[in-house]
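Enquirer: following is a predicted model, sequence given first.
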Amino acid sequence: MEKTKYSKIYRIIHWAIAISFLLLLFTIFLRLTWMNKNNVAAIIQDYLSGTDQVLSQEQLISLAKKIRQPMWNWHIYIGYILTGLFSLRFILPIFGPMKFQNPFGKNLSIKEKFQKWTYIIFYLGVVISLFTGLIIEFGPKELKSSMEEIHILGIYYLIGFIVLHLAGVFIAEFTDQKGIISRIVSGSKKDY
Ligand code: HEM
């Protein structure tokens with residue numbers, strides 16, 4: 001099988017997107033675990049039970065959200081970074097580099113078609129996530145809760161894609177695309 005060469009621009013955009021998504025996942029992980037509002041509220045409640053102060057459940061949750069906010073702001077900053085990176089990723093093919101992979105190309109095996117469709121579905125999911133995220137931040141209040149419902153679903157395609165992608169890359173590395181991982185890290189002499 002022909003070995004793909006990855007240009008400098010392809011590699012820079014790839015790793016900027018990959019690292020941003022992993023950091024974004026980390027903020028989601030923190031929100032669901034250590035910094036979960038109910039957990040934090042329970043810690044405050046536990047602390048207050050040893051004092052003569054009392055807070056209502058509503059006050060506890062509101063305090064917990066305030067504690068979580070500086071961490072969650074990073075989710076939003078990374079969202080802006082990803083909006084910039086994806087805008088670049090979509091603009092670049094107009095000027096030549098980083099053309100989109102075409103799943104309708106001739107002579108593609110089922111495996112290659114599957115791989116190319118996976119990227120297209122992933123990009124579609126990312127566009128929906130970034131769009132709903134921006135509406136939550138800047139759009140009208142009436143749309144906020146419906147946008148949040150869609151935005152939250154993003155975790156499923158993101159984790160699904162990362163698992164499929166890493167499995168695909170490692171299988172390629174150990175079968176017919178030996179060296180693919182070092183080529184996406186340090187490229188090779190002949191760029192495409
Ligand atoms: C150890 C981690 C990773 C490795 C070794 C890796 C490796 C690769 C390689 C070799 C390709 C090119 C595949 C091809 O020729 O079709 C690729 C493409 C891609 N990777 Fe990764 N990747 C990693 C992590 C990630 C992560 C975390 C994301 C995002 C969540 C990501 C998103 C993408 C996307 C969207 C493409 C397609 C780019 C395009 O052609 O439009 N990768 N990756």
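Expert: Okay, I see it.

Enquirer: so residue 176, which state does it fall into?
Expert: On the three-state scheme (DSSP: H, G, I helix; E, B strand; the rest coil), residue 176 is labelled coil.

Enquirer: same thing with residue 151?
Expert: Under three-state DSSP, residue 151 comes out as helix.

Enquirer: next one: residue 50
Expert: coil.

Enquirer: what's the burial count for it?
Expert: 7 (other Cβ atoms under 10 Å). For the C-beta atoms, the positions are set from N, CA and C on the backbone; glycine is no exception.

Enquirer: tell me how many other residues crowd residue 178.
Expert: 12.

Enquirer: any idea how far the ligand is from it?
Expert: The gap separating residue 178 from the ligand is 12 Å, by Cβ to the nearest ligand atom, to the nearest Å.

Enquirer: same thing with residue 102?
Expert: According to Cβ to the nearest ligand atom, residue 102 stands 11 Å off from the ligand.

Enquirer: quick check: closest non-adjacent residue to that residue.
Expert: Take residue 102 and drop its neighbours on the chain: the residue closest to it by Cβ to Cβ, 6 or more residues apart in numbering is residue 116, 6.7 Å away.

Enquirer: contacts only, for residue 48.
Expert: Applying Cβ atoms under 8 Å, 6 or more residues apart in numbering to residue 48 gives the contacts 54, 55.

Enquirer: separation between it and the ligand?
Expert: Using Cβ to the nearest ligand atom, residue 48 is found at 41 Å from the ligand.

Enquirer: quick one: which helix or strand includes the residue positioned nearest the centre of the chain?
Expert: Centroid-nearest residue in the chain: residue 21, 3.4 Å away (criterion: Cα atoms, centre = their mean). Residue 21 is part of helix 8-32 when elements are defined by DSSP states H and E.

Enquirer: mind giving me the packing neighbours of that helix?
Expert: With contacts taken as 3 or more Cβ pairs under 8 Å, 6 or more residues apart in numbering; DSSP states H and E, helix 8-32 sits against helix 57-95, helix 141-174, helix 180-186.
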